[in-house]
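1. mind folding the following:
(chains A and B)
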Amino acid sequence: MSTQGWLQILVYCAVLLALTPPVGRYLHRVFASPEAPLGRLGAVTERALLRACGVSPAEQTWRQYAGALLTFSAVSVLYTYLLQRVQVQLPLNPAGLGNVEPSSAFNTAASFVTNTNWQGYSGESTMGYLVQMAALGWNNFTSAAVGLAVAVALARGLTRPAPAGDAPATLGNFWVDLLRGIFFVLLPACVVYALALVSQGVLQNLDAYVELTTLEGAQQVLAMGPVASQEAIKMLGTNGGGFFNANSAHPFENPNGVTNFLQMLSIFVMPAGLTYAYGLMAGNTRHGWAILASMGLLFLLGVGVSYAAEAQASPAFAGLAVAEDGGNMEGKEVRFGIANSALFATVTTDASCGAVNSMHDSFSALGGLVPMVNIQLGEVIFGGVGAGLMGMLIMVLLSVFLAGLMVGRTPEYLGKKIEPRDIKLVTLYILIFPLVILAFTGWAAVAEYGVSSLNNAGPHGLSELLYAYSSAAGNNGSAFAGLSANTLFYNVTLGVAVLAGRFWLIIPALAVAGTMARKKTVPPSPGTFPTDGALFTVLLTGVVVIVGALTFFPALALGPLVEHFLGAAGKVF
Amino acid sequence: MTSKLKAVSLWDGPILRNAVVQAFAKLHPRAVMRNPVMFVVAVGSVLTTALWLRDLLARPAWAEPAWFTGSVTLWLWFTVLFANFAEAVAEGRGRAQADTLRKMRKETMARRLVEGREEQVPSSVLRKGDMVVVEAGQVIPGDGEITEGIASVDESAITGESAPVIRESGGDRSAVTGGTRVLSDRIVVRITSNPGESFLDRMITLVEGARRQKTPNELALHILLVGLTMIFLVACVSLVPLAAYSGVTLGATVVVALLVCLIPTTIGGLLSAIGIAGMDRLIRKNIVATSGRAVEAAGDVDIILLDKTGTITLGNRMAAEFIPLRGVAQERLTDAAVLSSTADDTPEGRSVLALADSRYGTPPRADGNNGVTFIPFSAHTRMSGADVGSRQVRKGAVDAVIQASGVRDVTVLEEARSIARRIGDDGGTPLAVSDNGQLLGIIHLKDTVKSGMKERFDRFRAMGIRTVMITGDNPNTAAAIAREAGVDDFLAQATPETKMQRIKDEQARGRLVAMTGDGTNDAPALAQADVGVAMNSGTQAAKEAGNMVDLDSNPTKLLEVVEIGKQLLMTRGCLTTFSIANDVAKYFAILPALFVVAFPEIAPLNVMGLASPRSAILAAVIFNALIIILLIPLALRGVAYRPLGAAALLRRSLLIYGVGGVVAPFAGIKLLDLALSALGLV
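-> Numbering: from 1, shown residues only, chains lettered A, B, ... in the order given. Predicted coordinates:
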């Protein structure tokens, strides 16, 4: 570890913190107000969009909201699947790529609609430009906007006063939230961001692939494409699906230190801003900061462990006459180095983004443990756009419930009592996540068709499996890369895990929002546990760690932990 | 029951002996199924028992040795039994109270009045509405209301208070409880409850825990515990294929051992004991609640409405002075005061007569109530008085009397009001006296604040609970007494409607309201309040409207009710935290033990340095079982509540039960491991 490395990490944190309030204020303006932002222009645009889509902007109950969301997502899956299946007939396919195989097309459709962007395929050799832009690019925007919508709907449910009389409790309107998320947040930001990336050398063209002869005289094909526009939303929407197979390690996607910094920043900026916007909605910005502090604490812990682990030389070099002073450089880009690779890996797995600028598979055992644990904690450390805040708020409810019992008062959150029905939904939420990951990992680990896809034996192979299903259920999408996942078994099971990890969590979360919205708000008294102090941050962090760690510790022990101890004893995989 | 209910010691012999028997009886599948956490343990125990039996007969080569499977099985069964035992002890203690109560319910003969004739019937056939006669020395056959007469009653059987109390018809002291004994005089009682519904019956059902329903918070926690159990079930079952991949064959015995150690058996085993013990503690404080929900609600109370009279002040406001208006003779005022009070048997009325006699030399009327039509006090007119022929004498709240008398003379009004104000400012109560529409003067009633009230209210404040004094007094008087007593707020000139309105207002703002009361006119407010505590000395209507009855008739008992409510939640919360925190150490004991044979390199994970894999697993399972027994006293007593702020309280609980819960099992498992090795058992 070097001072310079730590300085880069600190600068990153400082810039992120500085951006949080303005971004939060803007998001609050966009979602918490009945009128569209940007004055008359905004209002006219929104009306035109709503009319064009033919949807009513009326307030929806949680069931209506969830219904609209599921319908929209189902149509998106179908559309994305179909476009891949008829690629040959479509224009803008200069490389003449064929139709995508059904299981892979399903996997990709599920994965992009759920903001996971797990890629079982290799972009440049599978997807033509039209599919990249009209199907995958479209989903990059809509899936992030759906995440935003769920977060604000849950936030409304928790912070709104009870409706008067017999009026139904509503959570806002899904279509309005979706359109605002796309047209007033993601699209304008991405235009500016993409141009900035282009200025740094990221590709943006529709050219045919370039064939050239290298200095050594070998023939090489250089893939081309509209990369920068895809790159912007890939980061800002915490999608993570790379235009190229090498993702952000590819020089056309992420050419230098500046783009690397921008990319890491753009992953966290929306989730961080959302915590501030949530604080504004709750009428207590300190509560928003307390949630952000908990995320920050877990993030710094991850960066610290990851950086420390990667700064050590690989055990594979032990006893060899190779100088590895720089740490474990296997699978890392020289232009980013150890600190920025460890930071990127932590950021991308904390935030359910899944973009990578180095190969997590080549990380040391403990360094690779960090991304996996980050995902398994439920993608709540910043988390995906919207989905992260959603998960964290569920953890907040659980923490407040325990705290309420421990101070001898019926648990309440923001003045609303937490009742058996809420706990039932929260329990469902925290149960589904490990169920999906562990059941599929267990299945794959003993099935012939599961194990045959592994590139590595022993505990490292197990880590690859565990990572794949964690990444899918956590809607992260990054891969340990040692797994050849483009098989029928993996395409289907990972596709199912991805859908379950998204919608099985969104539905209980929206249901909680629905029941909480109905409740009367009690003014705080000295007997109420305050949710804006250091104690709350510590408690919340503790609950996140305990819930995640207790669930996954046995599986982790057999994977990365065993590998670490074996590595220390000189056995590598 | 000589002084309150018998304090049952934590380790009372017969209760424990009975609980041991009960612990086995509760192994019945239907009983075990009621608690999903323990049900999982029981199923696991059955499974390992089967494996052990198989191993005894024909052990496959790859199986664990039979002694190991046997020992794990034994301790798994102990885990279930210990949880059953905890519940049985709590129930046993409740039953001990119930038996004492039941003895008092013994059959007595009642003298029922049927159309003026008396007949002897057993008390068990008395129905609501029956009239019975009770004379000195007899036991009152059922709950009821005195319709005729006055008597001193020994209520020590219920309250533990040995001094007899006066019960009389009319007013707010007319209720009597079945099982208490009349010491003097003769009364006629109208029975107000059917057999099986009496006060004692309800109390017995409650302590026995027979019809105990889960409170909302208990239910929520129960759901969470079931959820956690399912998560650990997934984690443990999925470990089998993961281990198989790694070349480790996990036997059912060790997987069950791991599962049982991880699921929240500590809180799962103690949860129902905590609930029953909470009820038991309440009864011990001489409070009967109609439901556990009410007790839990008491822990959440934000605001408490207390009747001034009898709660904050000594209650019996005594006439201290008759102050005539200018131009009115002292004798005329005294005479009118006496006339207005002759038939008034409220303590105030009697104190007027006493004062007239002792200080102003006017004895009570020789011909008593003859020819006098008594106009009783009503909360609406806020006056009482008497009509003698055409003469109308009234006494009551100054405003009310002025309004009713129709006096217009400004100087008279001014004088009356200034006297009233002066009395009010001193914390006294002014009563105006009028005679046929002429204002004669003011009676000064004095009220004394009970000692020790300020400290109690400070304690409420520290808990975050506001106190509001309710009084029929005018705002000046109310303010003076409120200041002296140290309550946060007051509601002056309260009528049943304004009380009700105040409660509704507070509830509309989302606050939980508790109220104490004893009078019939308190009944609607008691019913509206979230927690209504009626005094046992109060009227039957009040008792039925509230959801708790205080047998000692001590309104500040609410403090204890609130504390018990909070303790109940805290005990559950703290033991849950403790239970989950324990899992960290159990992982470090069991996981290395499972995999160290296949991967000797992971030995450093065995941070406790446990002797062998088998002793590690056994030590964890034994710890898991023993901790239930060790925590039974805490579950029964409840976690100590301190009126600190919520944050301070949480910090304390997290330190003791969270951090303590992580650390304690490391020490415990290590010690057990040392003991097992020393005894050569592994």
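
2. let's see stretch A:476-483 as CSV, backbone CA atoms only.
-> This file holds the C-alpha atoms of stretch A:476-483, laid out as CSV (Å, rounded to 0.1, in the frame of the first residue of the first chain):
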residue,chain,number,x,y,z
ASN,A,476,-24.7,-7.0,-9.7
GLY,A,477,-23.6,-8.6,-12.9
SER,A,478,-19.9,-8.7,-12.4
ALA,A,479,-18.3,-12.1,-12.8
PHE,A,480,-15.4,-13.9,-11.3
ALA,A,481,-14.8,-14.8,-14.9
GLY,A,482,-13.4,-18.3,-14.2
LEU,A,483,-16.8,-19.7,-15.1
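
3. list the buried residues of stretch A:311-319.
-> By neighbour count with 16 or more other CB atoms under 10 Å in any protein chain shown, stretch A:311-319 contains the buried residues A:311, A:313, A:314, A:315, A:316. The C-beta positions use only the backbone N, C-alpha and C, and glycine is treated the same way.

4. for it, C-alpha coordinates in CSV please.
-> Taking Å, rounded to 0.1, in the frame of the first residue of the first chain, the C-alpha atoms of stretch A:311-319 are listed here in CSV:
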residue,chain,number,x,y,z
ALA,A,311,-0.9,-5.0,-2.2
GLN,A,312,0.6,-8.4,-1.1
ALA,A,313,2.5,-10.4,-3.6
SER,A,314,0.6,-13.5,-4.9
PRO,A,315,1.5,-16.7,-3.1
ALA,A,316,2.1,-18.2,-6.5
PHE,A,317,5.3,-16.2,-6.7
ALA,A,318,6.6,-17.4,-3.3
GLY,A,319,10.1,-18.7,-3.6
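
5. now do that stretch, average pLDDT.
-> Average pLDDT, stretch A:311-319: 75.

6. does it come close to chain B?
-> No - counting by CB under 8 Å from any CB of the partner chain, chain B has no neighbours in stretch A:311-319; the shortest distance is 11.7 Å.

7. how far away from the center of its chain is that stretch?
-> Offset of stretch A:311-319 from its chain centre (CA atoms, centre = their mean, to the nearest Å): 32 Å.

8. what of stretch B:560-576?
-> On the basis of CA atoms, centre = their mean, stretch B:560-576 sits 12 Å off its chain's mean C-alpha point.

9. ditto for stretch B:457-465
-> With CA atoms, centre = their mean, you get 18 Å for stretch B:457-465.

10. please enumerate the helices of the stretch 401-550 of chain B.
-> Remark: helices assigned in the stretch 401-550 of chain B by DSSP state H, counting those that start in this stretch are B:410-425, B:453-463, B:475-485, B:496-508, B:523-528, B:540-545.

11. one more: the stretch 1-150 of chain A?
-> Using DSSP H, counting those that start in this stretch, helices in the stretch 1-150 of chain A cover A:3-32, A:39-53, A:62-85, A:102-113, A:123-126, A:129-130, A:138-159.

12. out of the ones you listed, the one nearest residue A:468 is which?
-> Taking CB to CB, helix A:102-113 is the member of the helices of the stretch 1-150 of chain A nearest to residue A:468, at 11.6 Å.

13. on the pLDDT front, check residue B:100 for me.
-> 69.

14. let me see the contact set for residue A:494.
-> A:107, A:111, A:118, A:120, A:440, A:468, A:469, A:472, A:485 (CB atoms under 8 Å, 6 or more residues apart in numbering or on different chains).

15. take the residues you listed and keep only those in strands.
-> Among the contacts of residue A:494, no residue falls in strands (DSSP state E).

16. close to chain A: what parts of the stretch 151-300 of chain B are there?
-> So far as CB under 8 Å from any CB goes, the stretch 151-300 of chain B lies against chain A at B:216-217, B:219-221, B:223-224, B:226-228, B:230-232, B:234-246, B:258, B:262, B:296-297, B:299-300.

17. going through the residues you listed, which ones are buried?
-> Buried members of those, counted by 16+ other CB under 10 Å: B:216-217, B:219-221, B:223-224, B:226-228, B:230-232, B:234-236, B:238-243, B:245-246, B:258, B:262, B:296-297, B:299-300.

18. thinking residue A:243 is in contact with residue A:229, fair?
-> No - between residue A:243 and residue A:229 there is no contact under CB atoms under 8 Å: 9.5 Å.

19. ok, back up a step: any idea which of the contacts of residue A:494 is closest to chain B?
-> The closest of these to chain B turns out to be residue A:440 (CB to the nearest CB; 9.1 Å).

20. now the closest one: how far from residue A:501?
-> Distance, residue A:440 to residue A:501, by CB to CB, to the nearest Å: 11 Å.

21. tabulate the buried residues of stretch A:311-319 in TSV, adding columns for secondary structure.
-> Listed next are the buried residues of stretch A:311-319 as TSV, based on DSSP: H, G, I helix; E, B strand; the rest coil:
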residue	secondary structure
A:311	coil
A:313	coil
A:314	coil
A:315	helix
A:316	helix
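
22. interface residues of the stretch 251-400 of chain A facing chain B?
-> Residues of the stretch 251-400 of chain A lying near chain B (CB under 8 Å from any CB): residue A:398.

23. can you name the residue of the stretch 251-400 of chain A nearest chain B?
-> residue A:398 (7.9 Å).

24. look up phi and psi at residue B:306.
-> Reported as degrees, to the nearest 10, the phi and psi values for residue B:306 are phi -120, psi 130.

25. no no, residue B:530
-> With angles defined as degrees, to the nearest 10, residue B:530 sits at phi -70, psi -40.
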